[in-house]
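A.B. asks: Just to be clear, the model below is a prediction. Sequence and coordinates:
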Amino acid sequence: MALIEQVQELIPPGARVVVLGDGACDGTDRQHTLQEAGWSSVCRTGSNVTASWDGTTFRLETVGSCSKPGTLVEFPQASVTRNAYGPVLLLCCWAKGYQEPLYVVSNLDAAEEACRLYAKRFRIEIV
């Protein structure tokens with residue numbers, strides 16, 4: 001979070017910033033800090049995360065177990081963790097050819113945009 005505050009000072013006003021992250025970036029404190037900075041975020045989250053949507057509480061792995069490759073399940077205006085952080089866009093993305101789905105949390109409004117941006121993460125990942 002300190003890094004976000006340092007980098008924020010270097011970003012020109014009005015610039016669009018999108019943070020793409022792995023599971024280390026999905027914490028509610030980080031999500032809140034990114035939201036407060038006015039930055040967009042698309043971060044992977046764990047299958048064990050508890051979510052609430054439309055009055056129902058569930059674990060993400062339950063959604064994955066009911067999905068199949070080639071599906072995208074979206075939960076707009078969801079909340080995550082027992083602390084019910086949100087609203088967030090929660091996605092279960094299972095691309096064809098993969099053995100299991102990805103679970104993604106974002107502060108964007110559109111699932112397609114979040115998936116398109118998150119796909120760029122693998123091209124910029126430090127090896």
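C.D. replies: Here it is on my side, so go on.
A.B. asks: and Thr71, bridged to which residues?
C.D. replies: Under DSSP bridges, the beta-bridge partners of Thr71 are Trp94.
A.B. asks: Test my guess that it contacts Trp94.
C.D. replies: Yes. Between Thr71 and Trp94 there is a contact under Cβ atoms under 8 Å: 5.3 Å. To be clear about C-beta, it is placed using only N, CA and C from the backbone, and glycine gets the same treatment.
A.B. asks: Compare the two and say which is more crowded by neighbours.
C.D. replies: Using other Cβ atoms under 10 Å, the more surrounded residue of Thr71 and Trp94 is Trp94, with 20 against 15.
A.B. asks: and for Thr71 and Trp94, which residues touch both?
C.D. replies: Common contacts of Thr71 and Trp94 (Cβ atoms under 8 Å, 6 or more residues apart in numbering): Pro101.
A.B. asks: Which parts of this protein are strands?
C.D. replies: In the chain, the strands defined using DSSP state E lie at 18-21, 40-45, 50-53, 56-59, 71-80, 85-94, 102-106.
A.B. asks: show me where pLDDT drops low in this structure?
C.D. replies: 1, 24-26, 122-127 (pLDDT under 70).
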